[in-house]
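Enquirer: my questions concern the predicted model and sequence given below.
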Amino acid sequence: MKKETLNWIASSEYDLNTAEHMLKSGRYLYVIFVCHLSIEKLLKAIISEDTGKLPPKAHDLIYLASLAKLQPPESNLDFIGKINSASVVTRYPEDLSMAVSAYPKEIAEDYLARTKEALSWLKQDTRLKK
């Protein structure tokens, strides 16, 4: 596996660990943001390994999944769309207090659990098994 791919994977795992720490500290908005980032980086690992090129500087998970030529199961696809939409709100909240109240602990826990499921599915990609 290419060095760049390994770096994307390590960065994705680092971000997932950060999301877990954000959950423990009560920074639920950042749980969502960093979960998105973790998925984004694993998608970029697949793209990097597949193309041998630096992935685009894009944050759209649907676009990145398309570039990676992935067909996620329906449950993962729905979640990827959901967290993709949430990333704009968590990245650039127009009203911080509204954004914080929209993502309480229960939602952050759900996003973290579903992120782990999505990452587990992505890690099964044969391009990451070399």
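Expert: Everything's here; your move.

Enquirer: helices or strands up against the helix or strand that residue 8 is a member of?
Expert: Residue 8 is part of helix 3-25 when elements are defined by DSSP states H and E. The contact analysis (3 or more C-beta pairs under 8 Å, 6 or more residues apart in numbering; DSSP states H and E) places helix 3-25 against helix 28-51, helix 105-123. From N, CA and C alone the C-beta is placed, and that goes for glycine too.

Enquirer: need these in JSON lines (columns: distance to residue 22, mean neighbour count and mean pLDDT).
Expert: Listed next are the helices and strands packed on helix 3-25 as JSON lines, based on distance: least, C-beta to C-beta, whole Å; neighbours: other C-beta atoms under 10 Å; pLDDT from 0 to 100:
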{"stretch": "helix 28-51", "distance to residue 22": "4", "mean neighbour count": "24", "mean pLDDT": "97"}
{"stretch": "helix 105-123", "distance to residue 22": "8", "mean neighbour count": "17", "mean pLDDT": "97"}
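
Enquirer: nearest to residue 83 among those helices would be which one?
Expert: helix 28-51 (5.1 Å; C-beta to C-beta).

Enquirer: which other helices and strands contact the closest one?
Expert: Using 3+ C-beta pairs under 8 Å, 6+ apart, helix 28-51 is in contact with helix 3-25, helix 61-67, helix 74-91, helix 96-102, helix 105-123.

Enquirer: how far does that helix sit from the chain's center?
Expert: Put simply, helix 28-51 sits 4 Å off its chain's centre (C-alpha atoms, centre = their mean, to the nearest Å).

Enquirer: try stretch 87-104
Expert: Using C-alpha atoms, centre = their mean, the offset of stretch 87-104 from its chain centre is 17 Å.

Enquirer: over to stretch 26-36?
Expert: Counting by C-alpha atoms, centre = their mean, stretch 26-36 is centred 11 Å from the centre of its parent chain.

Enquirer: can you dump the C-alpha coordinates of it into PDB?
Expert: Extracted in PDB, the C-alpha atoms of stretch 26-36 (Å, rounded to 0.1, in the frame of the first residue of the first chain):
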ATOM      1  CA  GLY A  26     -19.400  17.300  25.700                       C
ATOM      2  CA  ARG A  27     -18.400  19.000  22.500                       C
ATOM      3  CA  TYR A  28     -21.100  17.300  20.400                       C
ATOM      4  CA  LEU A  29     -21.000  19.700  17.400                       C
ATOM      5  CA  TYR A  30     -17.400  18.700  16.900                       C
ATOM      6  CA  VAL A  31     -18.200  15.000  17.200                       C
ATOM      7  CA  ILE A  32     -20.300  15.400  14.000                       C
ATOM      8  CA  PHE A  33     -17.700  17.500  12.300                       C
ATOM      9  CA  VAL A  34     -14.800  15.200  13.100                       C
ATOM     10  CA  CYS A  35     -16.800  12.100  12.200                       C
ATOM     11  CA  HIS A  36     -17.400  13.600   8.700                       C
END
